[in-house]
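Trainee: Need coordinates for the following:
(chains A and B)
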Amino acid sequence: MKKMKSSTLRALCMLVILVIIAIGYFTKVGIGNLSGLGWDVFSVLCPLGYLESLLASKTFVPRALISFLAIVAVVIVLGRVFCAWICPMPFMQKILPGFGSKKEGAPASDKPCASSEACGSACTACKPNKFKLDSRHGVLLGALGSAAVFGFPVFCLICPVGLTFATVYLVMRLFAFGETTWTVIVVPLLLVLEVVFLRKWCSKICPLGALMSLISGANTTLRPTIDDSKCLHATKGIECQVCARSCPQNINIRKPELSPVSLNNCTKCRECAECCPAHAIGFPLLPKKQAGKPADGGEALIKTDQAN
Amino acid sequence: MSASNISRRGFITGAAGAACMLALGTVSLLPEGEICRPPGAQDENRFIGACIRCGKCLEVCPNACITPARLEDGIVNMRTPKMNFSRSASQLGGRMGWCDHCTQFNGGIAKCAQVCPSGALSLQDDSSFDTMKLGVAQIETDWCLAWMLKGCTLCKNACPQEAISFDAHKRPHVNEDLCNGCGSCEQACVSLESVSMSAGDRSATTRAITVHPLRG
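Mentor: Numbering: from 1, shown residues only, chains lettered A, B, ... in the order given. Got it, this is the predicted structure:
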C-alpha cells in the first residue's frame, strides 16, 4: 500500500485547520483562530500570547493560566508538533520563493558534522540532548521584555500566525461587507515580507517555537528512535546521514552529540522516518530503555573525527 | 547560563532580534485614534495590555457591532475589537448593530466578554445593560438633520435609556449621565446611511450622532 507522504499529510492537516477556522469566522460558535482556538467559552490561548498579556497587563487571569497549563501538558506529551503540523508558516515558506538568504538547512546538509570542530575541543558541552539556547530565545526574551515595558503584546503585532488568520478574516470581510481599510493591504504585505525575506524564521527567529522547545525539554514520548538492528550506520558502519540531512530542524538523531540542535526541537514531522533507506526510524509512544546509548555515541564521535 | 550554551552567532542574532522587539514596542508611543471598546474593556491600559487580537469577540457578537480596528485607528490598536455602530443594513444582515449587553441573545451577559480567552474583556459582577458605559453619544450639529430644523426624531426614538431630549426647536441633546454608549442612536441615524444632506461648507463624514469613548 502506498502511504501518503508526510509533507502532503502535514500540508493537508494545516489546510483543514485553516478551513475550519475560516468557516468559524462566519458562524457564531466562536471557534476563534490559533491565537485562541476553541468552542464558545472554552479556548486554548496561544501560550506566548498568554505570557505577553500577563506581563503587559500585569493582571492574573485564571482561565488563561489554565489554558496555558493545558498547552504545556500537550507540548510535554506531543512535543513541538504544532510547528510541523499546524503552523502555516513552514507551509507558506515552502510555496513562496525566498530572497536574501540561502535555502534553509543547506549549510548543515553540506557539512553534517560542521560542529565537530567545536565538539572536538569542548566536547563536555555537547552531551546528547543537552538543552541549547539559540537566537530564538533572545527574540523570546525581547518579546516578553518589550510587552512588559510598553504594556501591550508587542510580538502579536507581527506574529505570522496571527497575520495569516487576520489576512483570511480581513479578506473575507472585504468581500462580505465591503470593508475597505489599509489594514487589508498592510497585514498581508507584512506577512509576505516575513515569509519571503526571513527564510530562517522558524529556526532563528520564532519566539513561539522557542517557548515550545523550552517546554518540550520534558517531552519523552513520540521521540524519533533508531532501530539499531536496521540502521545502516549501526549495522554496516555506512556514513549514511540521510536522517540528519532530511531533518528540517537540523537535528542529527544518529549522532546527537554532533547535532547543532538538541532533540527537544523535534517537531515530529516524520521526515527522517520517511527518508531513512532502511526504515529504521520510528516514533514510539513510550521511550525505549537504551542502556548502551552513551557508549554508542562516543564511538560514533571517534568515527566522525577519523572521517574528517 | 554558561557561555557554551549558545553560539556567538546565535547570541548576536538573538540580541538583534530582542532589540527589534523592543524597538517595535515604541510604536505604542505614536498617537492612537480613540476607540469605543466592547463591554468589560473600559480600562484601556489594561485592555490593550491583555488583548492578543484573537478576534473571538468579533466572531461571537450576536449583534454584529464589533469590528476589527483598522490601521487608521493606530498601529497598536490594529485588529483589536472596536465597537462600530455605523454598520449599514446590508452589512448587518438583520442583526441589531448596537450593543444590548446581549440581553436578547445571552440572558444579559455580554457574549464577547464571556468568550474572551485572555481576560482582556472582563465584566464586573454588576455589569449589565443599565450599568455599562461603553462611551457617550455626541451630536454632530453641523450635519444633524434635526439641527437643520428638518424635524428628524430617529435617534430619540431609538434610545432605550431615554437619554436624548429635544429643546424648544426640536433639536436633540444627549444627557451624558443617562447615556450608556449602547449605540442604538448611532445605528438609527440616517446621516451618511441613505441620502446625505450637504451642510453648507461641511459635509457629513460620520453619522450625525456617534458614540465616543469616555476619557480619563
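
Trainee: Around residue 40, count how many other residues there are.
Mentor: The chain I'm using is chain A. For residue A:40, the count of nearby residues is 15 (other Cβ atoms under 10 Å in any protein chain shown). Any C-beta I mention is one placed from the backbone N, CA and C, and that applies to glycine too.

Trainee: um, chain B though
Mentor: 22.

Trainee: just residue A:45 next, same as before
Mentor: Residue A:45: 30 surrounding residues under other Cβ under 10 Å.

Trainee: Contact partners for it?
Mentor: Residues in contact with residue A:45, defined by Cβ atoms under 8 Å, 6 or more residues apart in numbering or on different chains, are A:35, A:36, A:64, A:67, A:68, A:71, B:52, B:54, B:117, B:118.

Trainee: would TSV of those residues with distance to residue A:11, secondary structure and neighbour count be doable?
Mentor: Converted to TSV, those look like this (distance: Cβ to Cβ, whole Å; DSSP: H, G, I helix; E, B strand; the rest coil; neighbours: other Cβ atoms under 10 Å in any protein chain shown):
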residue	distance to residue A:11	secondary structure	neighbour count
A:35	21	coil	26
A:36	24	strand	27
A:64	31	helix	27
A:67	27	helix	24
A:68	28	helix	20
A:71	23	helix	20
B:52	26	coil	29
B:54	24	coil	30
B:117	27	coil	29
B:118	30	coil	31
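
Trainee: wait, which of those residues is closest to residue B:42?
Mentor: residue B:118 (16.2 Å; Cβ to Cβ).

Trainee: roughly how far apart are the closest one and chain A?
Mentor: Counting by Cβ to the nearest Cβ, to the nearest Å, the gap between residue B:118 and chain A amounts to 5 Å.

Trainee: Can you pull the domain assignment for chain A?
Mentor: Under the assignment automatic domain parsing, the domains of chain A span A:6-104+A:134-216, A:106-132+A:221-307.

Trainee: Flag the shaky bits of the chain, pLDDT-wise.
Mentor: The chain I'm using is chain A. Scanning chain A with the threshold set as pLDDT under 70 gives A:1-2, A:100-130, A:289-308.

Trainee: Oops, wrong one, chain B.
Mentor: In chain B (pLDDT under 70), the answer is B:1-4, B:193-202, B:216.

Trainee: got the contact list for residue B:190?
Mentor: Counting by Cβ under 8 Å, 6+ apart, residue B:190 makes contact with B:145, B:152, B:154.

Trainee: where along chain B do the strands fall?
Mentor: B:66-68, B:81-83, B:136-139, B:164-166, B:172-174, B:209-212 (DSSP state E).

Trainee: Highest mean neighbour count out of the ones you listed?
Mentor: With neighbours defined as mean count of other Cβ atoms under 10 Å in any protein chain shown, these peak in mean count at strand B:81-83, which reaches a mean of 25.

Trainee: Report the buried residues of stretch A:18-33.
Mentor: A:18, A:21, A:22, A:24, A:25, A:30, A:31, A:32, A:33 (16 or more other Cβ atoms under 10 Å in any protein chain shown).

Trainee: how about these, which pair is most distant?
Mentor: Between all members of those, the farthest pair (by Cβ to Cβ) comes out as A:18 and A:30, at 17.2 Å.

Trainee: Output the contacts of residue A:45 in JSON lines; the columns should cover distance to residue A:138.
Mentor: Output for the contacts of residue A:45, formatted as JSON lines (distance: Cβ to Cβ, whole Å):
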{"residue": "A:35", "distance to residue A:138": "23"}
{"residue": "A:36", "distance to residue A:138": "26"}
{"residue": "A:64", "distance to residue A:138": "25"}
{"residue": "A:67", "distance to residue A:138": "26"}
{"residue": "A:68", "distance to residue A:138": "22"}
{"residue": "A:71", "distance to residue A:138": "22"}
{"residue": "B:52", "distance to residue A:138": "22"}
{"residue": "B:54", "distance to residue A:138": "26"}
{"residue": "B:117", "distance to residue A:138": "28"}
{"residue": "B:118", "distance to residue A:138": "25"}
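
Trainee: count of neighbours near residue 78?
Mentor: Let's take chain A. Number of residues near residue A:78 (other Cβ under 10 Å) recorded here: 16.

Trainee: actually chain B
Mentor: A count of neighbours around residue B:78, defined by other Cβ under 10 Å, yields 22.

Trainee: follow-up on the earlier one: among the domains of chain A, single out whichever gets nearest to residue B:102.
Mentor: domain A:6-104+A:134-216 (11.7 Å).

Trainee: ends of the closest one, how far apart?
Mentor: 22 Å (Cα to Cα, to the nearest Å).

Trainee: Show me how far that domain is from its chain's centre.
Mentor: Here domain A:6-104+A:134-216 is found 12 Å from its chain centre; the criterion is Cα atoms, centre = their mean, to the nearest Å.

Trainee: do stretch B:117-125 as well
Mentor: With Cα atoms, centre = their mean as the basis, stretch B:117-125 stands 16 Å off its chain's centre.

Trainee: Show residues contacting that stretch.
Mentor: A:32, A:36, A:38, A:43-45, A:49-50, A:53, A:57, A:59, A:61, A:63-64, A:67, B:37-41, B:46-47, B:49-52, B:54, B:56-57, B:81, B:109-110, B:112-113, B:116, B:131.

Trainee: switch to 6 Å and redo it
Mentor: Outside stretch B:117-125, the residues that touch it by Cβ atoms under 6 Å, 6 or more residues apart in numbering or on different chains are A:36, A:43, A:45, A:53, A:61, A:64, B:38, B:40-41, B:47, B:50-52, B:112-113.

Trainee: How about it, which residues are buried there?
Mentor: Result for stretch B:117-125 [16+ other Cβ under 10 Å]: buried residues B:117, B:118, B:119, B:120, B:121, B:122, B:123.

Trainee: Contacts only, for residue A:268.
Mentor: Residues in contact with residue A:268, defined by Cβ under 6 Å, 6+ apart, are A:79, A:81, A:222.

Trainee: ugh, wrong one, residue A:208
Mentor: Residue A:208 neighbours (Cβ under 6 Å, 6+ apart): residue A:48.

Trainee: that's a helix at it, yeah?
Mentor: Yes: counting by DSSP: H, G, I helix; E, B strand; the rest coil, residue A:208 is part of a helix.

Trainee: and it, how far is that from chain B?
Mentor: 12 Å.

Trainee: domains of chain B?
Mentor: Here the domain parsing of chain B from automatic domain parsing is B:32-133, B:135-216.

Trainee: looking at the ones you listed, which is buried most?
Mentor: Of the domains of chain B, the one with the most neighbours on average (mean count of other Cβ under 10 Å) is domain B:32-133, at a mean of 21.

Trainee: now the strands for chain A?
Mentor: Along chain A, counting by DSSP E, strands occupy A:36-39, A:42-45, A:225-226, A:281-282.

Trainee: buried stuff in the second one?
Mentor: So that's strand A:42-45. Of the residues in strand A:42-45, A:43, A:44, A:45 count as buried by neighbour count, 16+ other Cβ under 10 Å.

Trainee: Nothing else from me, thank you.
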